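Engineer: Sequence below, structure please.
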Amino acid sequence: MTVGDDVVDEPERVAEHVAHEVRHAHAELVRALAQAGAAILARHRWLRLASAARGDLALREEDHRDLARRTAQVAAQLRGGIAKLGQLASCRPDLIGPFWASELALLQDEVPPVDAALIRARIEAELGKPISELFAAFDDVPLAAASLAQVHAAFLHDGTAVVVKVQVPGIEDIIDADIAALRTIASALGEVPGVDLPTLASELSRALAAELDYVAEADALWTFGASGVLVPRPIIEASSARVLTMTRIDGERLIPSLERMEPGERDQVLADLVSEVAAQILVRGHVHADPHPGNFLVTPDGKLALLDFGCVLELSAAERAAYARLVLAIAGANQAAATKELATLGFSADSPEQLVEMTAALIGAMRPGTAVSELDWETAFATQIAQAKQLSGLTIPRSFVLLGRVLATIAGLLATYKPKIHIHPLIAKHLAAAIA
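Structural biologist: Now for the predicted structure:
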């Protein structure tokens, strides 16, 4: 590790460098999008002509998958902010459809790291002190580099091991360019059925702003930590709106950890995960809404730790109670009660039958008294919101879309590892607390 001795006293140089990089990147992006967008649009029009020749009014399922796959490939090639936008878009299947969501979910937000001198300058400008005063040691090689931020290992002067999350210099301008590029795509591909790109662009702009709010993320760390969840502790004196310093948690990423575990150990970790998510939704009302497996660690003693709180959903007591009653109605196969709770939560439809159909999809995924290893949740949750979107006049509240993202991730893990656990005993106390 290396430690800087002086504050980088050249903010103008940093700003000029970043502005140049942004202008260059945006010019390259426009050229790439012009070529890629034209190819995608041409493919879409060809598929529409083929559908018309067959006498079909809409694209077939395989046509949607083909377009989604090609778009994801383009986003992967462009990388950076566009890849991040694709990741965020994958969390809104209600706006882009299930095939697009599943393809875009495969995108990885990994980019070459920003030069360490620029990261150091960012930290020192934000915190007003040289690196040597802030940290006893600071590693110039990032632990992770993404389009919005980099994470570096460091040590405080008292010996505390920390990680430092730093927003990429000039990221605000880059995001503006990427959102503008997305709106350009929306204009070019506006005729794609089932894809609401204008609304998606607005939603992504809001989501990106939330991810860049490190003050809110630090508050979320305090909130989750106070409830007993194992999370990093923010170091306020070494944090700002664009720099977040947190204690380092020793552990292994969830998937590699699950892969090497014995079945009994694996079942316990997944049971803990189910119980924790249920407690967030039904009791505490603060939900970690970015449940990518990479945001979970398993500590050496088998405890579950949560990372990255850039997206947190808050649920009121009334919402928590309604979700609890919904789960009980689903477990009891009471369609009328489940339909009532869906309406209470903000669903609306042209006719009650539409809500009944939506409820039936849920009930089929949660047969009471059945082991998780026997459930087909992955398919049910992956198609649930998309099916609802196709029902005329049905409105889905944003909270349910975000919860669908959480539940689909958990369902995918359960479907993959098939633990020998039962859901209802794990969540019973949380259900009771929510409706007490």
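Engineer: how about low-confidence regions in the stretch 1-150 of the chain?
Structural biologist: 1-65, 67, 74-85, 87-89, 91-99, 105-111 (pLDDT under 70).
Engineer: Break this structure down into its structural domains.
Structural biologist: For the chain, automatic domain parsing gives the domain ranges 11-108+171-209, 116-169+212-247, 251-436.
Engineer: how many other residues sit next to the closest residue to residue 296 other than its chain neighbours?
Structural biologist: Using Cβ to Cβ, 6 or more residues apart in numbering and skipping the chain neighbours, the partner closest in space to residue 296 is residue 254 (4.0 Å). Where you see a C-beta, it was placed from the backbone N, CA and C, and this is true even at glycine. Look at residue 254: counted by other Cβ atoms under 10 Å, it has 22 neighbours.
Engineer: pLDDT score assigned to residue 254?
Structural biologist: Looking at residue 254, its pLDDT reads 93.
Engineer: Quick check: it vs residue 293, distance?
Structural biologist: 5 Å (Cβ to Cβ, to the nearest Å).
Engineer: intersection of neighbour lists for these two?
Structural biologist: Common neighbours of residue 254 and residue 293, counting by Cβ atoms under 8 Å, 6 or more residues apart in numbering, are residue 413.
Engineer: Which residues does residue 166 form beta bridges with?
Structural biologist: Here residue 166 sits in beta bridges with residue 150, residue 243, as judged by DSSP bridges.
Engineer: which residues does it contact?
Structural biologist: 119, 122-123, 149-152, 242-243.
Engineer: Throw those into a markdown table and include neighbour count, thanks.
Structural biologist: Shown next, in a markdown table, are the contacts of residue 166 (neighbours: other Cβ atoms under 10 Å):
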| residue | neighbour count |
| --- | --- |
| 119 | 25 |
| 122 | 25 |
| 123 | 27 |
| 149 | 25 |
| 150 | 21 |
| 151 | 17 |
| 152 | 25 |
| 242 | 22 |
| 243 | 21 |
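Engineer: Wait, a strand at residue 240?
Structural biologist: No. Under DSSP: H, G, I helix; E, B strand; the rest coil, residue 240 falls outside any strand and is assigned coil.
Engineer: What's the local residue count around the closest residue to it other than its chain neighbours?
Structural biologist: Counting by Cβ to Cβ, 6+ apart, residue 126 is the residue found nearest to residue 240 once chain neighbours are left out, at 4.3 Å. Residue 126 has 17 neighbouring residues, counting by other Cβ under 10 Å.
Engineer: pretty sure residue 126 is touching residue 238, no?
Structural biologist: No. Under the criterion of Cβ atoms under 8 Å, residue 126 is not in contact with residue 238, lying 9.8 Å apart.
Engineer: Pick the one among the contacts of residue 166 closest to residue 408.
Structural biologist: residue 149 (25.1 Å; Cβ to Cβ).
Engineer: Can you report how many residues neighbour residue 262?
Structural biologist: The tally of other residues near residue 262 (other Cβ under 10 Å) stands at 8.
Engineer: And the average pLDDT for stretch 291-310 is what?
Structural biologist: Mean pLDDT, computed over stretch 291-310, is 91.
Engineer: Put the alpha carbons of it into CSV.
Structural biologist: Taking C-alpha atoms only, stretch 291-310 is exported to CSV below (Å, rounded to 0.1, in the frame of the first residue of the first chain):
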residue,chain,number,x,y,z
PRO,A,291,-30.2,-8.2,-3.8
HIS,A,292,-27.5,-9.2,-6.3
PRO,A,293,-25.7,-12.2,-4.8
GLY,A,294,-22.5,-10.1,-4.9
ASN,A,295,-24.0,-7.9,-2.3
PHE,A,296,-24.1,-10.7,0.3
LEU,A,297,-21.1,-12.1,2.2
VAL,A,298,-20.8,-15.2,4.4
THR,A,299,-18.4,-14.6,7.3
PRO,A,300,-16.0,-17.3,8.5
ASP,A,301,-18.4,-18.2,11.3
GLY,A,302,-21.3,-18.6,8.9
LYS,A,303,-23.1,-15.3,9.4
LEU,A,304,-24.7,-13.4,6.6
ALA,A,305,-23.5,-9.9,5.9
LEU,A,306,-25.1,-7.3,3.6
LEU,A,307,-23.3,-4.8,1.4
ASP,A,308,-24.2,-1.9,-0.9
PHE,A,309,-27.2,0.1,0.2
GLY,A,310,-27.6,2.4,-2.8
